[in-house]
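> kindly return the folded structure for what I paste below:
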Amino acid sequence: MRLAQDQVHAIKSVAQRVLGDDARVILFGSRTDDAQRGGDIDLLFETPHPVGNRATALGQLYASLIGELGDRKIDVLLSDPDTPDAPVLRIARETGVVL
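Below you'll find the predicted structure:
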């Protein structure tokens, strides 16, 4: 996994602040492969609670991540109990690393 411990801590803190203590974060994509270089940070945020306003939650997650990690390419997915299953979510769960 190509994230520093302080980056992992910052990402998990953002998840807890925005979604609550029981939120889970999965890193997926190229950053899970130590042999690769560069690449964006692909994150799936999961919460067991329904999210009232998804656009607001996604905006808060993204803005907080930029504030913590600096201006970089970050892709954010959000899954709650009301989120329909999608191939990208299955791939993230199957191939990703839980932070």
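> nearest residue to the middle of this protein?
The chain has Leu43 as the residue nearest its centroid, 2.8 Å off, counting by C-alpha atoms, centre = their mean.
> need the contact list for it.
For Leu43, the contacting residues are Ile11, Val25, Ile26, Leu27, Phe28, Leu65, Ile74, Asp75, Val76, Leu77, by C-beta atoms under 8 Å, 6 or more residues apart in numbering. Any C-beta I mention is one placed from the backbone N, CA and C, and that applies to glycine too.
> which two from the residues you listed end up farthest apart in space?
Across those, the two members that end up farthest from each other (C-beta to C-beta) are Phe28 and Leu65, 15.1 Å apart.
> before we move on, back to that, now the residue nearest to the centre of the chain: phi and psi?
The main-chain torsion angles of Leu43 are listed as degrees, to the nearest 10 and equal phi -130, psi 140.
> run through the bridge partners of it.
Here Leu43 sits in beta bridges with Leu27, Val76, as judged by DSSP bridges.
> i'd like the first residue to be 15 from this point on
All set: I'll call the first residue 15, so the last point we hit is now Leu57.
> quick check: Val22 vs Val32, distance?
Counting by C-beta to C-beta, to the nearest Å, the separation of Val22 from Val32 is 16 Å.
> residues touching the residue located most distally from the centre of the chain, list them.
For the chain, the residue at maximal distance from the C-alpha centroid (C-alpha atoms, centre = their mean) is Ala49, at 21.2 Å. Residues in contact with Ala49, defined by C-beta under 8 Å, 6+ apart, are absent; none qualify.
> please, which helix or strand holds Phe59?
Counting by DSSP states H and E, the element that carries Phe59 is strand 55-60.
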